[in-house]
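# A structural model of the following input is requested.
(chains A, B, C and D)
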Protein chains: 2
Amino acid sequence: MTETTWSISELAHEFSITPRTIRFYEDQGIVSPSRIGRTRVYHPRDRTRLRLALRGKRLGLQISEIVSLINMYDGPKDTIAQLERYLALLAQHRDLLTRQRQDIDLTLTEIAEQASACEKLLAAKRKSA
Amino acid sequence: MTETTWSISELAHEFSITPRTIRFYEDQGIVSPSRIGRTRVYHPRDRTRLRLALRGKRLGLQISEIVSLINMYDGPKDTIAQLERYLALLAQHRDLLTRQRQDIDLTLTEIAEQASACEKLLAAKRKSA
DNA sequence: ACTATACTTGACGTTAACGTAAACTGCGGA
DNA sequence: TCCGCAGTTTACGTTAACGTCAAGTATAGT
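Numbering: from 1, shown residues only, chains lettered A, B, ... in the order given. Predicted coordinates for the structure are as follows:
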């Protein structure tokens, strides 16, 4: 059976981070586990938010940015103002990610060029040996 | 005429960073300006390395990683061992960047979904008002 | 000669994102 | 009952990447 709650160490192991990190993320408002006594119990929502947060980290976002993004992501969208602010934030991040993708593509082509140049050099050197 | 050397503040302004950052990068070995008296003079090579470094930063690389990359990038490629290590490093970074691109694409599609959902909601709300 | 401006070195301060150690609680097993 | 383990809180430590003075130098303009 697929369990529907997790302990802190289960999540830590799954995402290859430490319990300390998860508790830190709780302070920052990324996860908000319920408790049995003092012990933290994590629900699917926490797991999703954790996954999103770690993806944000891999993209170089700061925790504070991640928090505001995630919070709007599954926050309330009742008023027109809220929706508009959310849309603006989305657009802003879309632009940033687009630029980042351009950087990546640039770097990838450069890497490819360097690599093929290296291969050639290597082949020549191995032949002459 | 396009100048071929730059002062520290010229570079700082061009790349929207502070002189302090550039001096720090000098300590880290990213740039190595020549001097007139005590004053730093930056050459095209420094500018290129600075540009590469900042691109690395935007991609979330640590300075130490950037340094080793750049140094190998225009470092010596004489021996077979050097070439092989360089190739390995290139492959490693290519993999990392590829994964990062996947993250970005994932996030971009999610953003698009959220945005269109928001647009619909907004349209509905504006109609009802 | 005086001043403003840009540059220098050196040193300490700061923030983010955790690491790490200490001391405690609660629980299942021998 | 005692052990060992997983979890908890509190609090101080650490690293990276600069920021922010302070105090001095060099030069160009008035």
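
# would you mark the buried spots in the lowest-mean-pLDDT helix or strand in chain A?
Counting by mean pLDDT, DSSP states H and E, chain A has its least confident helix or strand at helix A:63-73, which shows a mean of 91. Buried residues in helix A:63-73, counted by 16 or more other C-beta atoms under 10 Å in any protein chain shown: A:Ile63, A:Ile66, A:Val67, A:Leu69, A:Ile70, A:Met72, A:Tyr73. C-beta here means a position set from N, CA and C on the backbone, and glycine is covered the same way.

# quick check: next helix or strand after it?
Remark: after helix A:63-73, the chain's next helix or strand is helix A:80-127, criterion DSSP states H and E.

# what about that next one, near chain B?
Yes: contact of helix A:80-127 with chain B (C-beta under 8 Å from any C-beta of the partner chain) involves A:80, A:83-84, A:86-87, A:90-91, A:93-94, A:97-101, A:103-108, A:111-112, A:114-115, A:118-119, A:121-122, A:125-126.

# angle of that helix against helix B:63-73?
With axes from the mean of the first three to the mean of the last three C-alpha atoms, to 10 degrees defining the directions, helix A:80-127 sits at 40 degrees from helix B:63-73.

# show me what helix A:80-127 is packed against.
Applying 3 or more C-beta pairs under 8 Å, 6 or more residues apart in numbering or on different chains; DSSP states H and E, one finds that helix A:80-127 contacts helix A:63-73, helix B:44-58, helix B:80-127.

# dump those helices into JSON lines; add distance to A:Trp6 as well.
Listed next are those as JSON lines, based on distance: least, C-beta to C-beta, whole Å:
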{"stretch": "helix A:63-73", "distance to A:Trp6": "18"}
{"stretch": "helix B:44-58", "distance to A:Trp6": "34"}
{"stretch": "helix B:80-127", "distance to A:Trp6": "23"}
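
# and the ones you listed: which comes nearest DNA strand C?
DNA strand C sits nearest to helix A:63-73 of all the helices and strands packed on helix A:80-127, at 3.3 Å, using C-beta to the nearest atom of the strand.

# which helices and strands does the closest one pack with?
Helix A:63-73 packs on helix A:44-58, helix A:80-127, going by 3+ C-beta pairs under 8 Å, 6+ apart.

# surely A:Arg40 is in a helix?
No: counting by DSSP: H, G, I helix; E, B strand; the rest coil, one finds A:Arg40 to be strand, located in no helix.

# check contacts around the residue lying closest to it once chain neighbours are set aside.
Residue nearest to A:Arg40 in three dimensions, not counting chain neighbours: A:Pro33, with 4.0 Å by C-beta to C-beta, 6 or more residues apart in numbering or on different chains. Shown in contact with A:Pro33 (C-beta atoms under 8 Å, 6 or more residues apart in numbering or on different chains): A:Ile8, A:Glu26, A:Arg40, A:Val41, A:Tyr42, A:His43, A:Asp46.

# swap in A:Leu11?
A:Ile22, A:Tyr42, A:Asp46, A:Arg47, A:Leu50.

# so it, which state does it fall into?
helix.

# cool, and A:Arg35?
Under three-state DSSP, A:Arg35 falls in the strand class.
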